[in-house]
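>>> here is the input, now give the coordinates:
(chains A and B)
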Amino acid sequence: MSRVSHHLLFYALAGALGIGAPVAIAASSHDAATDKAAALGEPIKAVLTAPPLVPPPTNRTAPAKVVVELEVVEKEMPISTGVTYNFWTFGGTVPGSFIRVRQGDTVEFNLKNAHDSHMPHNIDLHAVTGTGGGAEATFTLPGHQTKFTFKAMNPGLYVYHCAMPPVGMHIANGMYGLILVEPPQGLPKVDKEYYVMQGDFYTEGKYGEPGLQPFSLEKAIDEHPTYVLFNGAEGSLTGDKALSAHAGETVRLFVGNGGPNLVSSFHVIGEIFDKVYTEGGSKYQENVQTTLVPAGGSAMIEFKTDVPGNYILVDHSIFRTFHKGTLGILKVDGEKDASVYTGQQSSMELPPAGKSGH
Amino acid sequence: MLGLVLLATSPPAAPAATYVEIAGGAFRSTIRYEGNDGNSAVANFALMQHAVSNREFQAFVMQHPQWRRDRVPALFADSGYLSHWQAADAPDPLDADAPAIHVSWFAADAYCKAQQARLPDWAEWEYVAAADPLRRDARDDPTRRSRLFADGTPHAVDAGRDAPGNAYGIHGLHGASWEWVGDFSTLLGDSDKRGGDDGDRLQFCGATGLSFNNRDDYAVLKRVALLSAMQPRSTLGNLGFRCARSRP
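Down below sits the predicted model:
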């Protein structure tokens, strides 16, 4: 039985939405990478982590064949206190599972779509060189699984996301995450690594309106989000879930922005970024206060925590922090160091105003 | 023992399905294809009031045992076909009145033909599905439209068994299950027109491809995206069908 033309419909849909229309469905099951794979040794199964955790460094000196298995799961989860949302996820979390490979690796990517998903999904990884970033090769029905293989050509921190029409809705529902392609020498050693990804969410109810909140297409088109969040829920990085470090430790934040609409002015109150690999690339800027993270982009941020305190992650488009939920905390414990920061040293009234002799 | 034999051999009584007469008319489809600007005339036809139920499909399977899940050729149905049934010839009794799901296009097509009917075309389906309980074309209502984003999920407007019929008296079009249409695979024309994997596709799409008259109609967009992902042997846990009959 030949595959019929309805796939064209998908391409047309993609075209209608202004998405780069993928060229072909991979009908052949032949794995072109098989021959080379032998040279790469036994395949390694990639360790995937849920945010805010990051898989350990690959610690490899040579490329390998790496197998990634990621499952799409649609599920209702809290988005704020007393508020839930029907998220569509990669791996059951928003953002999706963090993937870590090394430059030169041959990555066999397996995308599953859970049986109880209500529609097909796919994945476009910005780390992929090739048509659609893998989107057309991973067009996956509920209860199915697809596979494609790519070579991680360029190092960097890359966003991945679902590219099924309507793309905006899939992204707005939480279908994005990060994949790190380490340079051959790896990244400099740090004490702590965390995964933080911003996203904007559009619900019919106002901010804080309780209950299951449906997606609002009008607000999404108008780019008026109800929530702007780190890691998919208000409170995902506060209280018991705050990020943590000890004074004197070095911290690396892998920061992504899924969008779908907003650009993030990422800032940590009380901390200066020693290094920012802007846009997730290979060059770093030093001594940065706030870094811009585009929708569908990333940044790698490194700093040393010098003194204890609660350092607050915000989008410095600051109304978002106070009215839409864009807030996280890095809790640093340890010995105070008054040579760096004293805390308040005095508080007193000014001399009376008025009849001074000026 | 006798009872068991009877149970096993006599098809369960399935009352004849109710077909509702649909008066055709001019219609502007949300989608555009084949050089069509979306304006079409839908001829009079009849459509099943409800989606085909498990009980109804069981009667068909018993009369046409080649469509049992343990006998159907893999060419005509994937491994999920009727996988929700408790036996190869019987659904879970609790499910009997629910829409039949995990049914391939081939099986749905065969079912309708056995009823001297056919699957509705996309245009017919969309025409009737444009209605809400009060209006025959409720598509301009943004509230209604956003409710339909949940089509194919348990939150769908017609997911409940007591959901009201639409202005035509048709039930469940926007239910927890999507529905097959007869021409799902040929919306872009004859299936043999498919280009190779070398760019002909794009040319084909560019020349005669489908686009949308209403880009905000995400419910239709999602539905078409889903149908576009299917092969005729595919089955899903949220994809059912109903039949239609042409009228002179």
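
>>> report the contact partners of the residue nearest to A:Glu182 when sequence neighbours are not counted.
Using Cβ to Cβ, 6 or more residues apart in numbering or on different chains and skipping the chain neighbours, the partner closest in space to A:Glu182 is A:Arg102 (4.7 Å). For every residue, glycine as well, the C-beta is placed using N, CA and C. Going by Cβ atoms under 8 Å, 6 or more residues apart in numbering or on different chains, A:Arg102 touches A:58, A:60, A:63-64, A:66, A:152, A:181-182, A:184, A:186.

>>> repeat that with 6 Å
A:Arg102 is in contact with A:58, A:60, A:182, counting by Cβ atoms under 6 Å, 6 or more residues apart in numbering or on different chains.

>>> possible to save these as CSV with pLDDT, secondary structure and neighbour count?
Shown next, in CSV, are these (pLDDT from 0 to 100; DSSP: H, G, I helix; E, B strand; the rest coil; neighbours: other Cβ atoms under 10 Å in any protein chain shown):
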residue, pLDDT, secondary structure, neighbour count
A:Thr58, 96, coil, 21
A:Arg60, 94, coil, 16
A:Glu182, 98, strand, 21
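
>>> need the residues you listed in JSON lines with distance to A:Glu71, can you?
Listed next are these as JSON lines, based on distance: Cβ to Cβ, whole Å:
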{"residue": "A:Thr58", "distance to A:Glu71": "22"}
{"residue": "A:Arg60", "distance to A:Glu71": "25"}
{"residue": "A:Glu182", "distance to A:Glu71": "24"}
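
>>> within range of chain B, give me the residues from the stretch 151-300 of chain A.
A:165-166, A:169, A:217 (Cβ under 6 Å from any Cβ of the partner chain).

>>> is it fair to say A:Phe254 lies in a helix?
No. Under DSSP: H, G, I helix; E, B strand; the rest coil, A:Phe254 sits outside any helix and is assigned strand.

>>> can you get me a residue count around it?
Taking other Cβ atoms under 10 Å in any protein chain shown as the criterion, the count of residues near A:Phe254 is 24.

>>> go on, A:Leu350?
Per other Cβ under 10 Å, the neighbour tally for A:Leu350 reads 5.

>>> looking at the residues of the stretch 151-300 of chain A next to chain B, state which has the most neighbours.
A:Pro165 (26 neighbours).

>>> so which helix or strand takes in that one?
If you go by DSSP states H and E, A:Pro165 is not part of any helix or strand.

>>> swap in the one 5 residues further on?
For A:His170, the enclosing helix or strand under DSSP H and E is helix A:167-172.

>>> so who does A:His170 touch?
By Cβ under 6 Å, 6+ apart, the neighbours of A:His170 are A:162, A:164.

>>> please redo it, this time with the cut-off set to 7 Å
A:His170 is in contact with A:88, A:121, A:162, A:164, counting by Cβ atoms under 7 Å, 6 or more residues apart in numbering or on different chains.

>>> before we move on, what about B:Phe76?
Residues counted as contacts of B:Phe76 (Cβ under 7 Å, 6+ apart) are B:104, B:106-107, B:233.

>>> show me where pLDDT drops low in the chain?
Let's take chain A. Across chain A, the ranges flagged by pLDDT under 70 are A:1-40, A:355-358.

>>> the intended chain is chain B.
B:1-15, B:33-36, B:186-212.

>>> again, only this time at 90
For chain B, applying pLDDT under 90 flags the ranges B:1-16, B:28-41, B:142, B:146, B:161, B:184-218, B:220-222, B:224-230, B:248.

>>> and the residue of the stretch 251-358 of chain A closest to chain B?
A:Pro260 (13.3 Å; Cβ to the nearest Cβ).

>>> separation between that residue and A:Ala242?
27 Å (Cβ to Cβ, to the nearest Å).

>>> who has more neighbours, these two?
Taking other Cβ under 10 Å, A:Pro260 and A:Ala242 do not tie; A:Pro260 has more neighbours (24 against 19).

>>> in this structure the more buried one contacts A:Ala295, no?
Yes. Using Cβ atoms under 7 Å, A:Pro260 is in contact with A:Ala295, at 6.5 Å.

>>> one step back: of the contacts of B:Phe76, closest to chain A?
When the contacts of B:Phe76 are compared against chain A (criterion: Cβ to the nearest Cβ), the nearest one is B:Arg233, at 7.2 Å.
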